[in-house]
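*Asks:* Predicted model, plus sequence, below.
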Amino acid sequence: MTNSAPKTAPKTALVIGATGSFGGHAVVALIKHGWRIRALARDPKAASAKTGDHMPIDWVQGDALSADDVIAAAQGVQIIVQAANPPAYRNWAGTVMPMMKAVLAAAEQTGARIVLPASVYNFAPDSGDWISETAPQAPATRKGKIRVEVEAMFREASGRGIRALVVRAGDFFGPAAPWGG
């Protein structure tokens, strides 16, 4: 007897920042769980060379700062992983908000859920070792203030039906961390 149940198409995730640490790990985890991967890159050929030919990634040319590019890349996806950081980790004030607005526009257009890695930049250095989700956000840095603004923008968007998951980690570690784990 054969199983005549129709096969469902694999789910597709758009990963923005797939060549970075969080984005690269997200790609591997999603593939292991049966997801197809589409990734946005300004230079898809260079990005593919960085991740290797063995990675089954459908590279799409575009810029994370462009809402039109992100919306086009997000067509037909169920999840958008926004793991991109400003180039060379500079100019947060000029790049983070346009990237986040582009991702929110894409999620609103497509109905995809956003997955956003977050940090503890939002909290004061004296917040203690255990920071709860209800802890007040009192950033001491410019990056922290921007992250608080991003999360406020995502909370407001959730009131309009945009689904987002903010994944907060105290720090990123492991063999790919810049300091060697």
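*Replies:* Looks like it came in fine.
*Asks:* Tell me which residues of stretch 138-145 come out buried.
*Replies:* Neighbour counts over stretch 138-145 (16 or more other C-beta atoms under 10 Å) mark 139, 143, 144, 145 as buried. (C-beta placed from N, C-alpha, C; glycine too.)
*Asks:* Residues touching the lengthiest helix in the chain, excluding its own?
*Replies:* Criterion DSSP state H: the longest helix present in the chain is helix 92-110. The contact list for helix 92-110, computed with C-beta atoms under 8 Å, 6 or more residues apart in numbering, reads 14, 16, 64-67, 69-71, 73-77, 80, 82, 84, 86-87, 112-114, 116, 142-143, 146, 149-150, 153-154, 157, 160, 162-164.
*Asks:* Grab the nearest non-local neighbour of residue 103.
*Replies:* Distances taken as C-beta to C-beta, 6 or more residues apart in numbering put residue 82 closest to residue 103, at 4.6 Å, once the chain neighbours are dropped.
*Asks:* Just the pLDDT for that neighbour.
*Replies:* Confidence at residue 82, expressed as pLDDT, is 97.
*Asks:* which residue packs closest to residue 43, ignoring adjacent ones?
*Replies:* In space, residue 43 is closest to residue 61, 7.6 Å off (C-beta to C-beta, 6+ apart).
*Asks:* Need the phi and psi values for that neighbour.
*Replies:* Reported as degrees, to the nearest 10, the phi and psi values for residue 61 are phi -80, psi 130.
*Asks:* Now do the contacts for it.
*Replies:* By C-beta under 8 Å, 6+ apart, residue 61 lies in contact with 40, 41, 42, 43, 44.
*Asks:* Correct me if wrong: the last one contacts residue 60.
*Replies:* Yes: Residue 44 is in contact with residue 60 according to C-beta atoms under 8 Å; the separation is 6.8 Å.
*Asks:* Give me the pLDDT for residue 5.
*Replies:* What the model reports as pLDDT for residue 5 is 53.
*Asks:* quick revisit: and the residue nearest to residue 43, how far from residue 23?
*Replies:* Distance, residue 61 to residue 23, using C-beta to C-beta, to the nearest Å: 17 Å.
*Asks:* Contact partners for the closest residue to residue 42 other than its chain neighbours?
*Replies:* Closest residue in space to residue 42, ignoring its immediate chain neighbours: residue 63 at 5.5 Å, by C-beta to C-beta, 6+ apart. With contact set as C-beta under 8 Å, 6+ apart, residue 63 has these partners: 40, 42, 69.
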